[in-house]
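In: What would the 3D arrangement of this be:
(one chain, ligands or ions: 1)
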Amino acid sequence: MNTLIHGIHHVTAIASDPQRNVDFYAGLLGLRLVKKTVNFDDPSAYHLYYGDTNGAPGSIVTFFYWPGGAGRGRVGAGQSTRLSFSAAPESLTYWVERLTAHGVAALRQIRFGEDVVTFVDPDGIPIEIVGAVGDSRNGWSGAGVPQEHALRGLHTTELTVTRAEPTTQLLTGVMGYRHVRSEGGRARYATVLRTPGTFIDVIAGADAVEGIGGVGTIHHVAWGVVDDAAQKNAHALLTGAGFVVSPVRDRSYFRSIYYRERGGILFEIATDIPGFAVDEPVDSLGTALKLPGQFEPARREIEALLPPLRAPRPTNHPMPIATRS
Ligand code: ZN
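Out: Residues are numbered from 1 along each chain as shown. As a prediction, the model looks like this:
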């Protein structure tokens, strides 16, 4: 699969309350809500997608919602353990001030020579903004975040496992990543591009607390390939390496295959095509509830089950806990 995977495509996490999630990711972090749809496996719950102006691969974060406080998870080994966004290095002071003004405690640190701000979202998902040199992507300047400070997309995929080797063998073998550098307990891998969005950090520790899936955790990470032919190659290579890979699933905005890496983390390979403009214009992405064809006949019943969502507001997110890594 060498060079087939171009980097991260999207990250999917589990949250409790859709409105609070919209207020945090669109209202406070200023991402664009690029798609409002339902969980294809449970159409009584939203599936919301955030990203840049076009919802470009590498900018996308998506959420499932498990309401009511049931099913809280625990961040730990066997998971991707942090949402990592990229911003201009000059923007981190802006972000610390914006987060603090809305009750979000943020810590600042240096990692791999870059300035990093860490905090958590309202469900406890660890987040960071990396001040990245040379990220040429344009972010979405929504929610009053000036264009120059906008988040530009995902930066790094952080994977936590109890043993590094089974995971890194997959990354450097079939998936085509290369080890770039290590610092502390963190080993960084990248595709040949070595640009924000193509980094994977592996944190390994036999004493790492075991992750439990649920609210406040990342469900899976998806790697991007340009088209179906590349995905087919990836499927064959992974199967050849002994992985159990799902059949192709149509996710409306991309097509996906899934496999579990040997550290326990669910991986997906998603196509860049057809993208989020396949069922609504770019100008109005995320404004109407979009349903896949099989659910369209039940639209009225589905809409009646979904809580109404108002436009994002930054609101206040009093959260005293932040994590250092
Ligand atoms: Zn996915």
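In: Which strands or helices does the longest helix seen in the chain pack on?
Out: Longest helix in the chain by number of residues (criterion: DSSP state H): helix 228-240. Contact analysis of helix 228-240 by 3 or more C-beta pairs under 8 Å, 6 or more residues apart in numbering; DSSP states H and E lists strand 254-260, strand 266-274 as its packing neighbours. In this view, the C-beta of every residue, glycine as well, is placed from N, C-alpha and C.
In: For Ala106, which of the ones you listed is the nearest?
Out: Closest of the helices and strands packed on helix 228-240 to Ala106 is strand 266-274, at 28.9 Å (criterion: C-beta to C-beta).
In: Could you tell me the average pLDDT over that closest one, please?
Out: Strand 266-274 carries an average pLDDT of 98.
In: Which neighbouring elements make contact with whichever helix or strand comes after that strand?
Out: Heading C-terminal from strand 266-274, the first helix or strand you meet, by DSSP states H and E, is helix 299-305. Counting contacts by 3+ C-beta pairs under 8 Å, 6+ apart, helix 299-305 packs against strand 42-51.
In: in whichever helix or strand comes after the strand it packs on, what's buried?
Out: Per DSSP H and E, the first helix or strand lying C-terminal to strand 42-51 is strand 60-65. Neighbour-count burial for strand 60-65 flags Ile60, Val61, Thr62, Phe63, Phe64, Tyr65 (criterion: 16 or more other C-beta atoms under 10 Å).
In: For the second one, give the beta-bridge partners.
Out: Going back to what we said before, that points to Val61. Beta-bridge partners recorded for Val61 (DSSP bridges): Val11, Tyr50.
In: Return the residues in contact with it.
Out: By C-beta atoms under 8 Å, 6 or more residues apart in numbering, the contact list for Val61 reads His10, Val11, Thr12, Ala13, Tyr25, Leu31, Tyr49, Tyr50, Gly51, Leu83, Leu154.
In: Nearest to the ion, out of those: which one, please.
Out: Each of these was scored against the ion by C-beta to the ion, and Thr12 proved nearest at 4.5 Å.
In: could the buried residues of strand 60-65 go into CSV alongside pLDDT and distance to Asp123?
Out: Output for these, formatted as CSV (pLDDT from 0 to 100; distance: C-beta to C-beta, whole Å):
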residue, pLDDT, distance to Asp123
Ile60, 98, 18
Val61, 98, 13
Thr62, 98, 14
Phe63, 98, 9
Phe64, 96, 11
Tyr65, 95, 10
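In: now, which of those lie close to the ion?
Out: Residues shared between the buried residues of strand 60-65 and the neighbourhood of the ion: none [C-beta under 5 Å from the ion].
In: contact partners of stretch 275-294?
Out: Contacts of stretch 275-294 (C-beta under 8 Å, 6+ apart): 32-38, 40, 43, 49, 51, 53-55, 250, 252-254, 299, 302-303, 306.
In: Which of these are buried? Put it as a PyMOL command.
Out: Buried members of those, defined by 16+ other C-beta under 10 Å, are picked up in PyMOL with:
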select buried, resi 32+33+34+35+36+37+38+43+49+51+53+54+55+252+253+254+302+306
